[in-house]
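K.L.:
below is the structure, and that's it, no one-letter string:
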């Protein structure tokens, strides 16, 4: 693709040879001739001077470099759109594989692709343009909107409700039983029926081997546009706000409320019945035992203000030197 055509497609201002040919995309350190790359993080700005890429997506005020530049407000988003020009995922034609099992009472919309050994239970409603790859299982009474895409081995449990454009990656489980048990007089645990469904609104994506538990009563709800990364656990009765990101291995205990546009980085844990306010950010491996105010950035365990946490970590790193100096001073005093 010529660079001028790429710039036109992305709505970017081109500085460089419009006839240059772009044949693929790569990271700024790996890119070579014919590649398009991007700079969205100031950390990598210096590499723009040495990259071998033919063109770089940058912000409008980025300094001039030897490579051609495509200038626009959001280079990272533009890079994501550019990938779509050079990579075509597999297409799945409408049709039902002969090994698929679809209950007579299920309603499947038009243009559905139902893969091998997929199972659709009684009274399921599945919207138009659904793609169910092999071994996907939809339990009875689940209701799913249009343009649903479920990769192999995804499961949607009974009575769960999914909106339009929901994507489930491999092994995602929607509506598994919440972890609810009542202790009996003999010390054993009595299982509490998990009667409430998991509800995923429009454009929610749940990635591989993540689990959205169903609720004992009420519901577990993931609001529109939220994204749930691999191996995330959303406990029963929790709510995740619109456009929130739950990164890898995040764990939400039961009845947790996460606001909209929140980012919980990898391995963040949130205790039960806590509320994390809109726009809050928790850095990786933070443990959140209490509510977090909207817009706050927290770190560590127990999670505290990020700036305070950075000062604390810096102080801890100085402790060996402080201890050594203290011992030295004590010896000098003894003399």
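P.N.:
Yep, that arrived. Remember, it's a predicted structure, so these values are computed and weren't measured experimentally.

K.L.:
from the middle of its chain, how far away would stretch 201-209 be?
P.N.:
On the basis of CA atoms, centre = their mean, to the nearest Å, stretch 201-209 is displaced by 8 Å from the centre of the chain it belongs to.

K.L.:
got a list of contacts for that stretch?
P.N.:
The contact list for stretch 201-209, computed with CB atoms under 8 Å, 6 or more residues apart in numbering, reads 145, 151, 162-172, 174, 200, 212, 221-232, 242. Yep, even glycine has a C-beta here, placed from its N, CA and C like the rest.

K.L.:
where in the stretch 51-200 of the chain is pLDDT low?
P.N.:
Scanning the stretch 51-200 of the chain for pLDDT under 70 picks out no residues.

K.L.:
tell me where it has helices.
P.N.:
Here the stretch 51-200 of the chain has its helices, by DSSP state H, counting those that start in this stretch, at 75-86.

K.L.:
can you list the buried residues in stretch 68-83?
P.N.:
Within stretch 68-83, the residues that count as buried by 16 or more other CB atoms under 10 Å are 68-72, 75, 78-79, 82.

K.L.:
any chance of the residues you listed in a markdown table with distance to residue 181 as columns?
P.N.:
Compiled in a markdown table, the buried residues of stretch 68-83 are given as follows (distance: CB to CB, whole Å):
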| residue | distance to residue 181 |
| --- | --- |
| 68 | 62 |
| 69 | 59 |
| 70 | 56 |
| 71 | 58 |
| 72 | 53 |
| 75 | 50 |
| 78 | 50 |
| 79 | 47 |
| 82 | 50 |
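
K.L.:
from those residues, which single one is nearest residue 36?
P.N.:
Comparing the buried residues of stretch 68-83 against residue 36 with CB to CB places residue 82 closest, at 6.0 Å.

K.L.:
and the gap between that closest one and residue 9?
P.N.:
As for residue 82, its distance to residue 9 is 8 Å (criterion: CB to CB, to the nearest Å).

K.L.:
of the buried residues of stretch 68-83, closest to residue 21?
P.N.:
Looking across these and measuring by CB to CB, the closest to residue 21 is residue 68, at 11.3 Å.

K.L.:
beta partners for that closest one?
P.N.:
Assessed by DSSP bridges, residue 68 has beta-bridge partners residue 55.

K.L.:
I figured it hits residue 57, correct?
P.N.:
No - between residue 68 and residue 57 there is no contact under CB atoms under 8 Å: 10.3 Å.

K.L.:
what's around residue 61, how many residues?
P.N.:
Here the count is done by other CB atoms under 10 Å, and residue 61 has 6 residues near it.

K.L.:
ramachandran angles for it?
P.N.:
Backbone torsions for residue 61, taken as degrees, to the nearest 10, come to phi -100, psi 20.

K.L.:
now swap in residue 332 and tell me
P.N.:
Dihedral pair for residue 332: phi -60, psi -40, per degrees, to the nearest 10.

K.L.:
local confidence estimate at it?
P.N.:
In this prediction, residue 332 carries a pLDDT score of 84.

K.L.:
now do residue 287
P.N.:
98.

K.L.:
give the contact list for it.
P.N.:
Applying CB under 8 Å, 6+ apart to residue 287 gives the contacts 268-269, 271, 300-303.

K.L.:
if we go to 7 Å?
P.N.:
Going by CB atoms under 7 Å, 6 or more residues apart in numbering, residue 287 touches 269, 301-303.

K.L.:
now residue 80: how far from residue 254?
P.N.:
For residue 80, the distance to residue 254 (CB to CB) stands at 35 Å.

K.L.:
let me redo that: residue 245
P.N.:
Going from residue 245 to residue 254 by CB to CB gives 21 Å.

K.L.:
also residue 263?
P.N.:
Where residue 254 is concerned, residue 263 sits at a distance of 22 Å (CB to CB).

K.L.:
of the two, who's got more company?
P.N.:
Neighbour count, other CB under 10 Å: between residue 263 and residue 254, residue 254 has more, with 19 against 16.

K.L.:
count the residues that sit near residue 106.
P.N.:
19.

K.L.:
my guess is it contacts residue 124. True?
P.N.:
Yes - the pair residue 106 / residue 124 is scored as a contact, 4.3 Å apart, by CB atoms under 7 Å.

K.L.:
tell me how many other residues crowd residue 227.
P.N.:
Neighbours of residue 227 under the rule other CB under 10 Å: 18.

K.L.:
tally of neighbours for residue 272?
P.N.:
So residue 272, with other CB under 10 Å, has 14 neighbours.

K.L.:
contacting residues for it?
P.N.:
By CB under 7 Å, 6+ apart, the contact list for residue 272 reads 235, 253-256.

K.L.:
tell me the one among the residues you listed nearest to residue 182.
P.N.:
Nearest member of those to residue 182, counting by CB to CB, is residue 254, at 13.5 Å.

K.L.:
how much space separates the closest one from residue 47?
P.N.:
Noted for residue 254: a distance of 45 Å to residue 47, by CB to CB.

K.L.:
repeat for residue 72
P.N.:
For residue 72, the distance to residue 47 - CB to CB - is 19 Å.

K.L.:
over to residue 172?
P.N.:
Distance, residue 172 to residue 47, by CB to CB: 36 Å.

K.L.:
quick one, which of those two is more surrounded?
P.N.:
Counted by other CB under 10 Å, residue 172 and residue 47 do not tie: residue 172 has more neighbours, with 25 against 17.
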